[in-house]
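In: just to be clear, the model below is a prediction. Sequence and coordinates:
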Amino acid sequence: GAGVSQSPSNKVTEKGKDVELRCDPISGHTALYWYRQSLGQGLEFLIYFQGNSAPDKSGLPSDRFSAERTGGSVSTLTIQRTQQEDSAVYLCASSLLTGLYEQYFGPGTRLTVT
Amino acid sequence: AQSVSQHNHHVILSEAASLELGCNYSYGGTVNLFWYVQYPGQHLQLLLKYFSGDPLVKGIKGFEAEFIKSKFSFNLRKPSVQWSDTAEYFCAVKDYGGSQGNLIFGKGTKLSVKP
C-alpha cells in the first residue's frame, strides 16, 4: 500500500516568508508525528497528533511553528516568518496507534531559507 | 529528559568486516528501543525494535541488537557488512516516562563500506 507522502519535496523560501508543509499519513493510521532533521543533529521531535486528542506540541521550537491535522488524516506544518536556522529536512511519520506500533516515515521536505 | 547517545559519527569498514554501532540512552524505566536506517536518497526505515522479552533482537538484512538494561545500551551488530549497508543509522528510544508518542533519536552514525 501507499506509504507516508510529503509535499513539497523541496522548498526554498526567503527569510521572513511563511511556509506550509504537507503530510499525508498511511490510511488508517491514527497517530501522526512531525520531526526535524538538521545537518549533524539527528531527528528532533516537533509535534504529535493522536486521534481526536489535543496534540502534543512540546517539541515546537517557537511560536512561529504550528501544525494542524484535518479530519484525522492530512497534516500541515506551518512556519511563520522563516529564519535561516529553520533550514532542515522536515519529516512526517505515522503509526497505527501509539504504544507498540512502528512509526513509518515519509521522504521529508527539505526546507532552505535564504 | 531522556537522551540518546551514538558514540560514532562516521564508521568506515571494508566489506566482510564485522560491525558494532554503539547506542546508549540516559536513564531507565520502561523504554522501547529502535534502530532506523536511512540509505542514500531514501527515507528512514525500521531496521529492528525491542519492546520486551528476549534482549537479543534480530532485524532485517542480518542485523541484530542487544538490549543490556544495566548498561542502558542497545548496540547494533552485523557479523559481515556489505557495500549495500552504506547508510546512516539512527538509534531511537520511546520513553514512557515522558510524552507517550514521540521517539527520541540519537544524532546518527554514518556507515561507509568500501567494496
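Out: Okay, I see it. Residues are numbered from 1 along each chain as shown, chains lettered A, B, ... in the order given.

In: which elements pack onto whichever strand or helix holds A:V12?
Out: Using DSSP states H and E, A:V12 sits in strand A:10-13. With contacts defined as 3 or more CB pairs under 8 Å, 6 or more residues apart in numbering or on different chains; DSSP states H and E, the secondary structure elements packing on strand A:10-13 are strand A:19-24, strand A:109-113. Just so you know, the C-beta spots here come from the backbone N, C-alpha and C atoms, and that holds for glycine as well.

In: tell me the bridge partners for the residue nearest to the spatial centre of chain A.
Out: In chain A, the centroid-proximal residue (CA atoms, centre = their mean) is A:W34; its distance is 3.2 Å. Here A:W34 sits in beta bridges with A:I47, A:C92, going by DSSP bridges.

In: likewise B:K94?
Out: B:K94 has the following beta-bridge partners by DSSP bridges: B:N32.

In: ok, the closest residue in space to B:G22 that isn't next to it in sequence - how many residues close by?
Out: The spatial neighbour of B:G22 that comes closest, neighbours along the chain excluded (CB to CB, 6 or more residues apart in numbering or on different chains), is B:H7 at 4.0 Å. Using other CB atoms under 10 Å in any protein chain shown as the criterion, B:H7 is surrounded by 12 other residues.

In: correct me, but B:H7 touches B:E20?
Out: No: in terms of CB atoms under 8 Å, B:H7 does not count as a neighbour of B:E20; the distance is 10.1 Å.

In: pLDDT of stretch A:73-82, averaged?
Out: Averaging pLDDT along stretch A:73-82 gives 97.

In: check whether it comes near chain B.
Out: No: on the criterion CB under 8 Å from any CB of the partner chain, stretch A:73-82 is out of touch with chain B, staying 13.5 Å away.

In: tell me the buried residues in that stretch?
Out: Of the residues in stretch A:73-82, those buried by neighbour count under the rule 16 or more other CB atoms under 10 Å in any protein chain shown are A:73, A:75, A:77, A:79, A:82.

In: so which of the residues you listed is the closest to B:F105?
Out: Ranking the buried residues of stretch A:73-82 by separation from B:F105, with CB to CB as the measure, puts A:L77 on top at 17.9 Å.

In: beyond the lowest-mean-pLDDT helix or strand in chain A, next helix or strand please.
Out: Between all helices and strands in chain A, the lowest mean by mean pLDDT, DSSP states H and E belongs to strand A:42-50, at a mean of 90. For strand A:42-50, the succeeding helix or strand toward the C-terminus, using DSSP H and E, is strand A:65-69.
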